[in-house]
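>>> Make a model of this:
(2 chains)
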Amino acid sequence: GAGVSQSPRYKVAKRGQDVALRCDPISGHVSLFWYQQALGQGPEFLTYFQNEAQLDKSGLPSDRFFAERPEGSVSTLKIQRTQQEDSAVYLCASSPSSSGLVTGELFFGEGSRLTVL
Amino acid sequence: DQQVKQNSPSLSVQEGRISILNCDYTNSMFDYFLWYKKYPAEGPTFLISISSIKDKNEDGRFTVFLNKSAKHLSLHIVPSQPGDSAVYFCAASDGNDMRFGAGTRLTVKP
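The predicted structure follows:
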């Protein structure tokens, strides 16, 4: 499809397991964002890429969280040694903006719901 | 710290009436504001935006008002329709990233 695609849609992990969440942005979109949305909350910024460069990772909650976008298209968010507090929906969004500034709308995927038992 | 706040977790209105959703922000560097709409099991979708140089932007039934001095914006939906029932997120950007409020769940009753 033409939209942002995320996989898996649902992931259940045992505490301590590593997980990897994938995002396929809209083709040609330069900017890519990861957000974490806890139950009943709004999306919380995690990290931002412009092409393959990770320009801002200030929102990553700990060094267990790692994101990459090696070829400037698909991105992977990896969470090592998952904890129960990591349970949330992880949203990926892309934007055609090439200015490096967030001035337009973001196009969101459907999210990956992670449950850590 | 919550830089964007939506203090009403829910709102219920009758079909045909006006829905008013409110949002407050604390960061004076924000210069672009957006509203997103979210249905269950879907990602947020863009609804309407406004830049800080304006105080009003209208798109069909949707109007966003910005009061910079009060650091407040609102979304008006008139007339409200049952299909408008969703969670609405307010978002703000300073050009570097985008911050979201916690959302307001709007229910429009037939």
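
>>> What residues does chain A have near chain B?
With the criterion set to Cβ under 8 Å from any Cβ of the partner chain, chain A comes near chain B through A:4, A:33, A:35, A:40-45, A:48, A:56, A:59, A:91, A:93, A:101-111. Any C-beta I mention is one placed from the backbone N, CA and C, and that applies to glycine too.

>>> From those, which land in strands?
Within the residues of chain A next to chain B, residues falling in strands by DSSP state E are A:33, A:35, A:44, A:45, A:48, A:56, A:91, A:93, A:107, A:108.

>>> Pass me the low-pLDDT residue ranges in the chain, would you?
Looking at chain A here, since you left the chain open. A:1, A:98-103 (pLDDT under 70).

>>> sorry, should have said chain B
Filtered on pLDDT under 70, chain B yields the residue ranges B:1.

>>> one more time with 80
Regions of chain B meeting the criterion pLDDT under 80 cover residues B:1-2, B:95-97.

>>> Which parts of it are strands?
Taking DSSP E, the strands of chain B run over residues B:4-5, B:10-14, B:19-25, B:32-38, B:45-51, B:56-59, B:62-67, B:72-77, B:86-93, B:98-100, B:104-109.

>>> need these in TSV with mean neighbour count and distance to residue A:9, can you?
Listed next are the strands of chain B as TSV, based on neighbours: other Cβ atoms under 10 Å in any protein chain shown; distance: least, Cβ to Cβ, whole Å:
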stretch	mean neighbour count	distance to residue A:9
strand B:4-5	20	27
strand B:10-14	14	26
strand B:19-25	21	28
strand B:32-38	23	16
strand B:45-51	17	17
strand B:56-59	12	31
strand B:62-67	18	29
strand B:72-77	19	29
strand B:86-93	23	19
strand B:98-100	25	21
strand B:104-109	17	22
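
>>> JSON lines please, covering those and showing distance to chain A.
JSON lines is the format used below for these (distance: least, Cβ to the nearest Cβ, whole Å):
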{"stretch": "strand B:4-5", "distance to chain A": "7"}
{"stretch": "strand B:10-14", "distance to chain A": "11"}
{"stretch": "strand B:19-25", "distance to chain A": "10"}
{"stretch": "strand B:32-38", "distance to chain A": "6"}
{"stretch": "strand B:45-51", "distance to chain A": "4"}
{"stretch": "strand B:56-59", "distance to chain A": "12"}
{"stretch": "strand B:62-67", "distance to chain A": "13"}
{"stretch": "strand B:72-77", "distance to chain A": "15"}
{"stretch": "strand B:86-93", "distance to chain A": "5"}
{"stretch": "strand B:98-100", "distance to chain A": "4"}
{"stretch": "strand B:104-109", "distance to chain A": "10"}
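
>>> picking that back up, ChimeraX command for the buried members of the ones in strands among the residues of chain A next to chain B?
Buried residues within those, by 16 or more other Cβ atoms under 10 Å in any protein chain shown, are selected in ChimeraX with:
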select /A:33,35,44,45,48,56,91,93,107,108
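
>>> Please identify which of the ones in strands among the residues of chain A next to chain B is nearest to chain B.
residue A:108 (3.2 Å; Cβ to the nearest Cβ).
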